[in-house]
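**Student:** sequence first, then the predicted structure, then my questions.
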Amino acid sequence: MKPIAQTIDLVKYYGKEGNLVKAVDHTSVTIERGKFTAIVGRSGSGKSTLLHLLGGLDRPDSGKVFIDGDDIYAMKENELARFRRQKVGFVFQDYNLLNSLNVWENIVLPIGLDNRKVEKDFIMDIVESIGLKEKLHTRADKLSGGQMQRTAIARALAARPAVILADEPTGNLDSRTELEVMALLKKCVSHYGQSLIMITHDETIAQMADTVCVIEDGKVVAAE
Amino acid sequence: MKMTTRTAAANMKYNKNRNLLIGLAICLTTLLLLLVPSVMAFIVRAEHAAVNKVYPTWHGVFRSVDIKTAEQLKARAELGEIGLRVDVGRLEYEDYELPLVFIDEAAAVMNKMELLEGRVPQTGDECALSQGMLKLFGIEAGVGDEVTLPFQAAEGNGYGLVEKQNFTISGILPTVEGNESGKMYTTLVSREFADEIIPKTESCWRVYFQTAELGSLGTTDDVENIGYQIAEDFGIERDRVRFNDEYLIANYVDPAIVMAVVLIMLVVMAAGMITIYSVYYISMASGIREFGKLKAMGATKKQLRQIVLREGMCVAAMAVPAGLILGSVILKLIGDKLYSVAAKPDDLLVQVITQIIVDDEISVFEPIIYVLAAAAALFTVYLSLRKPMRIAGRITPIEAVRYQEGRHRREGKGYESLNLSRLSRRNLFLNRRRTLLTITSMAATGILVMTLASLLSCMDSTDAADDVVLGEYRLEIESAEENREHPEYSWLRIQENNPLDGKLLDTINALPGVERTDVFQSADFKSPVFDENTWRAGITGVPEQYADMLENGIIEGHVTYEELKSGDQVVVDKMLRHWFPELRVGQVIDAEICDGGRTRKHQFTIAAFGEYPYGLCNSSYLIMASEGVEKLWENNQNYYIQIQADKSYDSTLHNELTALIGENTDVLSVKLWKDEYDMMERTYFLMRIACYTFLAILASISIMNLINTMVSSVQARRKEIGILQALGMSDRQSVRMLQTEGLFYTAGTLFLSLSAGCLAGYGLFLYCRNRSLMGITNYHFPWEAAVIVILVVLVVQLILGAVLGKSVRRETITDRIRVG
């Protein structure tokens, strides 16, 4: 089966000379479709940068990234933006919801940006499965941390993306909510057949993944 | 350095974009606060200096008082200098005005009367006259010589018969330029001679006065109040008190001018304040968190307030001097050009003013105005900072962390699906206070621009000239009443042998270039309704060609031109109500028709009130059809002819019309549409330049506001835009979203500016027209200003959109998401 994501000799450095930080250093990794892949590593190991490069949020210094077979950095800015809204669903550590919008509006936002019609039944199905039916008209900044992250997961799923990229989605949550969110993410993979790439530094969460990539100093040192 | 000052300095550097905008707003505010009073003060001082050189220096004069009252007036403490003058008679020579006057030393000084040689007349038959006048009589004589002149003694309102009178020349007066062209020479005589001619009881003395103890801060109103009060105490009617308006206005501060300048400065301060305040308000969200951190670290309320104040004042400390320097440069240019571009070069006063400026006798730079402008600018900054200071001082650390604009917004159902336009609307609505503040503050300037532009567009030289001269030329009778030497100049005498007859009309109609002639009558009558002593009641006879104008001008009551032919009904110009407010439609006026030497009784009914150009009703203000006048008056009442020509001005035709007057120059004159037009053009030109410069600077302050709003909006929403881009919003989409928001500001500003501005402008037009102010007669929509306002706002908006779009692209998405 064609991999959902692949990087070839990917490089991203920050700073200059004495302050040079090799965030991603000649990394090649292949991620399977329909699986839950965890990228683990210590703080500053470059896992977030790798995830951002996989999601087309930043531009690499060199190397290639293929998502669902497309070389995303061969695309122009507007094409890349369209690619993000159609193929990628993001879940950030600090949720990154728009506080001016309510739960429903946050969820349908990527669909709106793509000028697509909202599939109400599908969205309601997601909303019910994440347990936010009662909060649909609540503004984002009135939600608890767990509710915010669930909204962010629903937003990531709503546009039926090829891959969901999650950047330490449980980092700001208590342990009980953390388990709830993880269960939800795993359910998405199985229920909606999504591919999930998640960053974490938590070994317990990494154990729940189908595949674990370990990253150190910008290089993938193990994949199991 | 104190912590508060250090933090303020650091904030100033950190918020450099915001402070640059605030600095520009303060600089422009200071510029206007300096320019407006400086220019006004310069004009006032220039005219003051010129008037002091040209005009007499008396403040007022009591006319027609007897010598006893005149002497008693000298005892009044409110009056400073007092000078006496009496017209003893006149010398008779052709159509020259040659008055013989006694004038005492104080009055001579106040009237700038100086002798070339000799002294003022002191005894019996002494006189002082000019060589120009001696030449007129063909006499060669000097001081000490005796001359015989044809003298007419003053008698009541006229003069007696001519008698030969011997005078001994005691002094020689200078012959000035206007003497010969104006056909007027004055001869001074002694008090003894005056007392011989003028009976002690005769109320014919003039008492010139200057008020005492009125410093430069006194007003024309103060002088007038003193004059009228003294007049009342001595039983002198108000209409016998005259004031030297040009001199007073130039020497004393007119409260109306002071009020106008203060009002303009308040508008400028308000515009500056709204801009500076809104810049602070809009960028408050990020600042508030910083203040919360400082408070958490132990900063007191007072310290936080001080940080805001010092940051603002530091910016002002740089912007105010910049505004003053920029203002000085502009003032220098204005000082040199003000009068040379706007005024008629052959105007005597303008020549004197220009010379005064060239000689550097007055300066456009006034130190006190600099101090006032700087103080007003700093006060504006302080007022703008009060609210931000209060917010900063009041905030608690917890509130600060949670501070978010629009946090009290009520929750709604929201949109079922989202698109760019809905996102923009959501942002504008969420931040509706900021949205409203920006639109309102920008529209405030827009409204002012449109209001003033409406007024300026109504100041139309063509309209003003059309108001006076209905065609291209106006040939009119110049009558003069109560001249006993020339009773033939009175209208009742002229009409017995009226030069504006059919023959003259035929000749004019035959002139090349003349298309049509319209004859208007002016017929006199007496009526107890009008004050017979002060009001020359007259009726204007309007020709049939103006029937539509007459009927369309009716604002109250109803009458047709046909009905006005009967001679029993009249239309009254509404201006007459200013003097006779009791006049009503249907009122019957008992009149005694004055037809040459004959009189007869008649009754007129006021059929309607109308609003007419001066050229139609002249100054009679009672109007009927020409046919009506011809029915009631037997004499030829033709008073003026409006001549329609094929060109607005043709020197050949002008010369031919002047030649036609020929021997009748004493009773006929030609008025040109072009002269009226040129005069109004010069008057309006300066006003337009001043107003549009003022508005342009004010608009610049307002544009700072728009720039700030948009820049702050993008700054404050860096993270939000980053999230949207991460979710797939393209650069094009983000620019479109920002442009949609900008267009909302634009549309809101334009809608308010154009609608409210035009309404206010129309109101101002009606006010001016109803009071016959500034020659305004017709409303003209200010298309040019409207187009300029629309273009400026759109162009600024488009440029801003493009610049902001670039700034959106400058950062990576990940950088933006990390913000906050």
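**Tutor:** Structure received.
**Student:** only C-alpha atoms for contact and neighbour calcs from this point on.
**Tutor:** OK.
**Student:** what about B:Ala108, is that helix, strand or coil?
**Tutor:** helix (DSSP: H, G, I helix; E, B strand; the rest coil).
**Student:** that should have said B:Leu470, apologies.
**Tutor:** coil.
**Student:** now do the same contact list for it.
**Tutor:** Residues counted as contacts of B:Leu470 (Cα atoms under 8 Å, 6 or more residues apart in numbering or on different chains) are B:615-616, B:642-644, B:673.
**Student:** restricted to helices, list those residues.
**Tutor:** Taking DSSP state H, the ones among these that sit in helices are B:615-616, B:673.
**Student:** mind putting those into a markdown table with neighbour count, distance to chain A and pLDDT?
**Tutor:** Shown next, in a markdown table, are those (neighbours: other Cα atoms under 10 Å in any protein chain shown; distance: Cα to the nearest Cα, whole Å; pLDDT from 0 to 100):
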| residue | neighbour count | distance to chain A | pLDDT |
| --- | --- | --- | --- |
| B:Gly615 | 18 | 66 | 81 |
| B:Leu616 | 25 | 66 | 81 |
| B:Trp673 | 23 | 66 | 86 |
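**Student:** low-confidence ranges, chain A, go.
**Tutor:** A:1, A:223-224 (pLDDT under 70).
**Student:** which element is the residue sitting nearest the centre point of it on?
**Tutor:** The residue lying closest to the centre of chain A (Cα atoms, centre = their mean) is A:Leu165, at 1.5 Å. Taking DSSP states H and E as the criterion, A:Leu165 maps to strand A:163-167.
**Student:** run through who's touching that strand.
**Tutor:** A:4, A:48, A:51, A:55, A:87-93, A:156-157, A:194-200.
**Student:** over to stretch B:624-636?
**Tutor:** Around stretch B:624-636, the neighbours that count as contacts under Cα under 8 Å, 6+ apart are B:495-498, B:501, B:520-521, B:523, B:539-544, B:561-562, B:564-571, B:593, B:595-596, B:637.
**Student:** report the contact partners of the closest residue to chain B within chain A.
**Tutor:** Closest to chain B within chain A is A:Arg85: 4.1 Å, counting by Cα to the nearest Cα. A:Arg85 sits next to A:110-111, A:113-114, A:159, A:161, B:727-729 when contact means Cα under 8 Å, 6+ apart.
**Student:** quick one, phi/psi of the nearest residue in space to B:Asn497 that is not next to it in sequence?
**Tutor:** Setting aside the residues directly before and after it, B:Asn497 is nearest to B:Asn636 in space (Cα to Cα, 6 or more residues apart in numbering or on different chains), at 7.9 Å. The phi and psi torsions at B:Asn636 (degrees, to the nearest 10) take the values phi -70, psi 110.
**Student:** next, the angle strand A:163-167 makes with the longest helix along chain A.
**Tutor:** Scanning chain A for the helix with the most residues, using DSSP H, yields helix A:175-192. Counting by axes from the mean of the first three to the mean of the last three Cα atoms, to 10 degrees, helix A:175-192 lies at 170 degrees to strand A:163-167.
**Student:** show me the strands in chain A, by range?
**Tutor:** Applying DSSP state E to chain A gives strands spanning A:5-14, A:21-31, A:36-40, A:62-67, A:70-71, A:88-91, A:163-167, A:195-200, A:211-216, A:219-223.
**Student:** could those strands be laid out in TSV, adding distance to B:Leu706?
**Tutor:** Output for these, formatted as TSV (distance: least, Cα to Cα, whole Å):
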stretch	distance to B:Leu706
strand A:5-14	37
strand A:21-31	41
strand A:36-40	47
strand A:62-67	42
strand A:70-71	42
strand A:88-91	35
strand A:163-167	38
strand A:195-200	43
strand A:211-216	48
strand A:219-223	49
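**Student:** what residues does chain A have near chain B?
**Tutor:** The interface of chain A toward chain B, taken as Cα under 8 Å from any Cα of the partner chain, is made up of A:52, A:57-58, A:77-78, A:80-86, A:89-90, A:96-98, A:100-102, A:104-105, A:108-115, A:117-118, A:137-139.
**Student:** just the buried subset of these, please.
**Tutor:** Buried residues within these, counting neighbours by 16 or more other Cα atoms under 10 Å in any protein chain shown: A:52, A:57-58, A:77, A:80-86, A:89-90, A:96-98, A:100-102, A:104-105, A:108-114, A:118, A:137-139.
**Student:** circling back to that earlier point, filter the contacts of stretch B:624-636 down to the buried ones and hand me the ChimeraX line.
**Tutor:** Buried subset of the contacts of stretch B:624-636, written as a ChimeraX selection, criterion 16+ other Cα under 10 Å:
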select /B:495,496,498,520,521,523,539,540,541,542,543,544,561,564,565,566,567,568,569,570,571,593,595,596,637
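**Student:** who are the neighbours in contact with the residue of chain B found nearest chain A?
**Tutor:** Of all residues in chain B, the one sitting closest to chain A is B:Gly728 (4.1 Å; Cα to the nearest Cα). Counting by Cα under 8 Å, 6+ apart, B:Gly728 touches A:80-86, A:110, A:113-114.
**Student:** leaving out chain neighbours, which residue sits closest to it?
**Tutor:** Per Cα to Cα, 6+ apart, closest to B:Gly728 is A:Arg85, 4.1 Å.
**Student:** and the gap between that neighbour and A:Asp114?
**Tutor:** According to Cα to Cα, to the nearest Å, A:Arg85 stands 7 Å off from A:Asp114.
**Student:** buried ones in stretch B:518-530?
**Tutor:** Across stretch B:518-530, burial judged by 16+ other Cα under 10 Å covers B:518-527.
**Student:** low pLDDT regions in the stretch 301-450 of chain B?
**Tutor:** B:336-349, B:397-413.
**Student:** what does chain B put close to chain A?
**Tutor:** Counting by Cα under 8 Å from any Cα, chain B sits next to chain A at B:411-420, B:426-427, B:430, B:720, B:723, B:725-732, B:812-814, B:817.
**Student:** 6 Å instead, please
**Tutor:** B:413, B:418-419, B:727-730, B:813 (Cα under 6 Å from any Cα of the partner chain).
**Student:** need these in JSON lines with distance to B:Ile369 and secondary structure, can you?
**Tutor:** Output for the residues of chain B next to chain A, formatted as JSON lines (distance: Cα to Cα, whole Å; DSSP: H, G, I helix; E, B strand; the rest coil):
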{"residue": "B:Lys413", "distance to B:Ile369": "58", "secondary structure": "coil"}
{"residue": "B:Leu418", "distance to B:Ile369": "56", "secondary structure": "coil"}
{"residue": "B:Asn419", "distance to B:Ile369": "55", "secondary structure": "coil"}
{"residue": "B:Leu727", "distance to B:Ile369": "58", "secondary structure": "coil"}
{"residue": "B:Gly728", "distance to B:Ile369": "58", "secondary structure": "coil"}
{"residue": "B:Met729", "distance to B:Ile369": "54", "secondary structure": "coil"}
{"residue": "B:Ser730", "distance to B:Ile369": "54", "secondary structure": "coil"}
{"residue": "B:Ile813", "distance to B:Ile369": "52", "secondary structure": "helix"}
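**Student:** just the buried ones out of the residues you listed, please.
**Tutor:** B:418-419, B:727-730, B:813.
**Student:** which of those sits closest to B:Ala106?
**Tutor:** Here the nearest of these to B:Ala106, counting by Cα to Cα, is B:Asn419; it sits at 86.3 Å.
**Student:** spit out the contact partners of the closest one.
**Tutor:** By Cα atoms under 6 Å, 6 or more residues apart in numbering or on different chains, B:Asn419 lies in contact with A:Gly112.
**Student:** follow-up on the earlier one: greatest separation within the residues of chain B next to chain A: which pair is it?
**Tutor:** Farthest pair in the residues of chain B next to chain A (Cα to Cα) is B:Lys413 and B:Ile813. Separation: 30.1 Å.
**Student:** what bridges to residue 89?
**Tutor:** Chain wasn't specified; assuming chain A. A:Ile164 (DSSP bridges).
**Student:** hm, I was asking about chain B
**Tutor:** Beta-bridge partners of B:Gly89, counted by DSSP bridges, are B:Leu100, B:Ala153.
**Student:** quick check, it in contact with B:Ala153.
**Tutor:** Yes. The criterion here is Cα atoms under 6 Å, and B:Gly89 meets it with B:Ala153 at 4.2 Å.
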